[in-house]
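Asks: just a sequence and a predicted model for now, questions to come.
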Amino acid sequence: MSRLLFLAGAIILLLGIAGVAVPYFTTEQTKNVANVGPLHVQATEQQSHVIPPLLSESAIVVGIVMMGVAFVRRT
């Protein structure tokens, strides 16, 4: 049980660090606008997503706490 808790804490910690390192990212979505016979008209739409700093920082803290609890339970 403590191994699983330690692993989950490590994953959450790494996700928090990634959120601090890359606070925003952009995704692209291609949509078909019109189809006329063999002709296809497509539009590419870009969206920016922001990861709130408080969320990233709290994920780091939760990950460290979970790893600490798992370490204390093991000993």
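Replies: Okay, I see it.

Asks: tell me the centre residue of this structure?
Replies: When the chain is reduced to its mean C-alpha position, the nearest residue by C-alpha atoms, centre = their mean turns out to be residue 15, at 6.0 Å.

Asks: which residues does the closest residue to it other than its chain neighbours contact?
Replies: With sequence-adjacent residues excluded and distances taken as C-beta to C-beta, 6 or more residues apart in numbering, residue 15 is closest to residue 59, at 5.7 Å. The C-beta positions use only the backbone N, C-alpha and C, and glycine is treated the same way. For residue 59, the residues meeting the contact criterion (C-beta atoms under 8 Å, 6 or more residues apart in numbering) are 12-13, 15-16, 19.

Asks: against residue 48, how distant is residue 28?
Replies: Here residue 28 is placed at a distance of 11 Å from residue 48 (C-beta to C-beta, to the nearest Å).

Asks: buried residues in stretch 7-20?
Replies: Of the residues in stretch 7-20, those buried by neighbour count under the rule 16 or more other C-beta atoms under 10 Å are 9, 12-13, 16, 19.

Asks: any idea which of those is closest to residue 66?
Replies: residue 9 (3.0 Å; C-beta to C-beta).
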